[in-house]
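Enquirer: coordinates only, sequence not included:
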């Protein structure tokens, strides 16, 4: 077969797939409801499609626009907000997956937008490569993690989005745009944390580096000590984070630093006891008891805060950065100027102590260096994150609202994928480049094809 015949065959295949996508988009049967991981957001879109290529996705966007349907893309549902909710066309990630290219010379990897962070990291490990930093959840899609500003903790290394060197985006006119520092640089600059407001990502390119060893040191520490030594602990460690257990003066700390190795992962049994039995199995039981009998929560918190013991281990990065999260919850997280973190945390502790809130979940504290992404929660300032959680099915609004008043008093920025009550008027005041992003949105999506109620609240009409 000649190359011309092969090219013609591929063209016919692509054209056929696009035509099938358009027919699927314009089908009349409503699709099943979509629900996020926490179960607090559910939608029943008019139509749903799972494109396998940028061309199919672009065709679906054009067809929806012609039919007057709004468009949103979902990932695996690990956001707690309704950022991806729509009653129009829902684009699912199921078939837009896989690693497109690993370029060792350039130090990059390109993944289709629906690829999970788990699969990305497994492929990188097989090539002896790694991301510099990441959060603790691997079930997210790469586009979802990037678009909502997912982050881990780091003294020098920043969020997942800050490691992006390029992406492919389908915009409201149905065109497919390649974006990087040299191609469509304005879209690249803003779109790394784009909230799905500028278009739908079809692939993401990350900077990667040769795989390294990461040593973790986990140990209990008192609230008084960790807050008194917070700046020192951040300065001395590449990655520092801690959890404070409400109703107690106890914290659990974790320090991750690069190591010469060799690998010394947790033992199979001891690792299972810590990560599955205690952190998930028994914690699930404790949360269920606390939901049924709120008065038991302080006692449960004291027990939980003492259950995990000190340990050290060394492994490849993603196995140290990430943890299994099987107990379902809802979450609110605020990014504060790092200098305000300890004071805000002390105020949060005082709030819990003087209230009748019963908080079974620990409060998580992490850090990130300043970055240059307009809507990144760390945009332009060194940042500390304070995250509050409640077990799924437990009343949370009063606690979250009270915590939010503390965070906003310190100029806090809410995580885009986690619950909060802020609107565009507030957000424009804490993001110096907010207007830069909304102006780009006006240009790329003037008819608000990619809008929904959440985006209208946080970005304005």
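Expert: The structure has been received and is ready for your questions. Just so we're clear, the structure is a prediction, and the values are computed from it rather than from any experiment.
Enquirer: pull out the buried residues from the helix or strand where residue 405 lies.
Expert: Element membership for residue 405, per DSSP states H and E: helix 397-409. In terms of neighbour count (16 or more other CB atoms under 10 Å), helix 397-409 has its buried residues at 399, 400, 403, 404, 406, 407, 408. Every C-beta, even on glycine, is put in place using the N, C-alpha and C of the backbone.
Enquirer: can I take it that residue 385 is in a strand?
Expert: Yes. The assignment for residue 385 (DSSP: H, G, I helix; E, B strand; the rest coil) places it in a strand.
Enquirer: show me what contacts it?
Expert: 151, 153, 333-336, 364-368, 377, 415 (CB atoms under 8 Å, 6 or more residues apart in numbering).
Enquirer: I'd like to know which of those are buried.
Expert: Using 16+ other CB under 10 Å, the buried ones in the contacts of residue 385 are 151, 153, 333-336, 364-368, 377, 415.
Enquirer: hang on, residue 140 packs against residue 78?
Expert: Yes. At 5.0 Å, residue 140 and residue 78 qualify as touching, with contact defined as CB atoms under 8 Å.
Enquirer: which of these two has more residues huddled nearby?
Expert: residue 140 (24 against 21; other CB atoms under 10 Å).
Enquirer: against residue 93, how distant is the more buried one?
Expert: 10 Å (CB to CB, to the nearest Å).
Enquirer: what do the two both touch?
Expert: In contact with both residue 140 and residue 93: 75, 76, using CB under 8 Å, 6+ apart.
Enquirer: sorry, back to before: so which of the contacts of residue 385 comes closest to residue 64?
Expert: residue 415 (28.4 Å; CB to CB).
Enquirer: in space, what's closest to that closest one - neighbours in sequence excluded?
Expert: residue 333 (4.1 Å; CB to CB, 6 or more residues apart in numbering).
Enquirer: contacting residues for that neighbour?
Expert: 364, 385, 386, 387, 388, 414, 415, 418.
Enquirer: name the element it belongs to?
Expert: Here residue 333 is assigned to strand 329-337, by DSSP H and E.
Enquirer: can you tell me how far residue 265 is from residue 129?
Expert: Taken as CB to CB, the span from residue 265 to residue 129 is 19 Å.
Enquirer: residue 352 too?
Expert: From residue 352 to residue 129 the distance is 43 Å (CB to CB).
Enquirer: go on, residue 233?
Expert: Distance from residue 233 to residue 129, by CB to CB: 29 Å.
Enquirer: could you do residue 200 as well?
Expert: Distance of residue 200 to residue 129, computed by CB to CB: 27 Å.
Enquirer: before we move on, what about residue 344?
Expert: When residue 344 is compared with residue 129 (using CB to CB), they lie 37 Å apart.
Enquirer: next one: residue 355
Expert: From residue 355 across to residue 129, the span is 48 Å (CB to CB).
Enquirer: out of these two, which sits in the busier spot?
Expert: residue 129 (19 against 12).
Enquirer: residues contacting that one?
Expert: 102, 104, 109, 208, 209, 210, 211.
Enquirer: from residue 314, how far out is it?
Expert: For residue 129, the distance to residue 314 - CB to CB - is 18 Å.
Enquirer: the helices in the stretch 1-150 of the chain, which residues?
Expert: According to DSSP state H, counting those that start in this stretch, the stretch 1-150 of the chain carries its helices in the segments 3-25, 54-66, 117-126, 142-147.
Enquirer: let me fix that, I meant to ask about the stretch 301-450 of the chain.
Expert: Counting by DSSP H, counting those that start in this stretch, the helices of the stretch 301-450 of the chain are 317-321, 341-354, 397-409, 424-430, 434-444.
Enquirer: list the helices and strands the last one packs on?
Expert: Here helix 434-444 touches helix 185-191, helix 424-430, helix 453-459, going by 3 or more CB pairs under 8 Å, 6 or more residues apart in numbering; DSSP states H and E.
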